[in-house]
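Engineer: Sequence first, then the predicted structure, then my questions.
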Amino acid sequence: MRSVLYSIILSILVILSLVLIFYFTFGGAQAEEHLKLNATCKNENLIGICKSKDSCHSSLPGVKLESCNGDSSLVCCPLEEITISKGHKRTPGEKAKEMCKIYGETAYKYVPSNDLFNTKPIKSKLCDGGVPLVKGGENASENEFPHMARIGIFNSDLGNVEWRCGGSIVSPKFILSAAHCPVTEKNGFAMFGTIQTYDILENHTVSIMKVHIHPHYNAAENKHDIALFELEIPLNTSERPICLDTGSSIYNDMIVTATGFGLNKDQEIKVLQKVDLNIVDESSCANKYKQSIKDIEIPFPEHPLCAYQEGKDTCKVCYYLRYWGCQE
């Protein structure tokens, strides 16, 4: 009887050992599947993709290429250094779609599964950003808009940075903003990772290295008011770029959300604001436009995107000395 009991216990131990061996062998291998060829990875806090050594020619100063899960044939190639295959001609929007998919992965992490029979790693959100969007000048929640940047200008007389504009991170090194934002290569700064302008941390503030103004920007007629601010150093994975819209998914009366800093009831706001606006058709927009400029002879813009909500916007626009601008 005792020998039978020992045999049963021994059989159970053998089965458990086999299960554990299977879990740690195959489960571990599957847990690393997301770091195979073309998978998203991190290289010294930079977003990258697992590429072969031959297809990644990194020139970022001080960045050492790390292998993907110990596989010496694959390295974590920083996004700004990914090369395009010879002979491949990109179509409009193709690059934006690729990068949107990659940036979306940074909102998740892969964690081991506790299920012995399904060892595939679980995709888990790094943050549960914010509360449902509501109308009105509401405070944004932490991590609700991780693409938002605050643009500042160094005031040599006061010895501090005045945060004057907003922008959206579109890649680890570029911020999309307005051309009328008075930033230069010598005085510009960008702040990330916080929704409060007074919560300034050194590792969240980066110098602007170069300003790229739209070549056809016309301040007097408010045309092509768009600019790219190039950062001195690339951002890390905590500041997630926004996806660029590559389709025609906007329709009349659609509710869109605008975010930014500025004024609320004529009071300066130091916390990131969000407000819902309605997309307006072009004819209604043209009528409102003519009423607002009155006797000023400025043509209505071609193919505008108009959004409106009474008393709510991203800035209070004014016309002064033949130039349009946002009222401080």
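Structural biologist: Cool, got the structure.

Engineer: going forward, measure contacts between C-alpha atoms and count neighbours the same way
Structural biologist: Fine.

Engineer: can you map out the strands along the stretch 101-250 of the chain?
Structural biologist: If DSSP state E, counting those that start in this stretch is used as the criterion, the strands of the stretch 101-250 of the chain fall at 108-111, 122-125, 138-139, 148-155, 160-171, 174-177, 188-191, 205-213, 227-231.

Engineer: want to try TSV for those, with mean pLDDT as columns?
Structural biologist: Formatted as TSV, the strands of the stretch 101-250 of the chain follow (pLDDT from 0 to 100):
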stretch	mean pLDDT
strand 108-111	55
strand 122-125	54
strand 138-139	74
strand 148-155	86
strand 160-171	85
strand 174-177	92
strand 188-191	88
strand 205-213	91
strand 227-231	94
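
Engineer: Adding distance to F261, write those out as a markdown table.
Structural biologist: As requested, the strands of the stretch 101-250 of the chain are arranged in a markdown table below (distance: least, Cα to Cα, whole Å):
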| stretch | distance to F261 |
| --- | --- |
| strand 108-111 | 28 |
| strand 122-125 | 27 |
| strand 138-139 | 10 |
| strand 148-155 | 8 |
| strand 160-171 | 7 |
| strand 174-177 | 13 |
| strand 188-191 | 12 |
| strand 205-213 | 17 |
| strand 227-231 | 18 |
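
Engineer: Redo those as TSV? Include mean neighbour count.
Structural biologist: Shown next, in TSV, are those (neighbours: other Cα atoms under 10 Å):
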stretch	mean neighbour count
strand 108-111	13
strand 122-125	13
strand 138-139	17
strand 148-155	23
strand 160-171	20
strand 174-177	23
strand 188-191	24
strand 205-213	18
strand 227-231	22
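
Engineer: N278: which of those strands is closest?
Structural biologist: strand 138-139 (16.4 Å; Cα to Cα).

Engineer: who's in contact with C285?
Structural biologist: C306 (Cα atoms under 8 Å, 6 or more residues apart in numbering).

Engineer: Give me the secondary structure label for it.
Structural biologist: Under DSSP: H, G, I helix; E, B strand; the rest coil, the three-state class of C285 is helix.

Engineer: And it, how far from F192?
Structural biologist: 33 Å (Cα to Cα, to the nearest Å).

Engineer: before we move on, what about F154?
Structural biologist: Between F154 and F192 the distance is 16 Å, computed by Cα to Cα.
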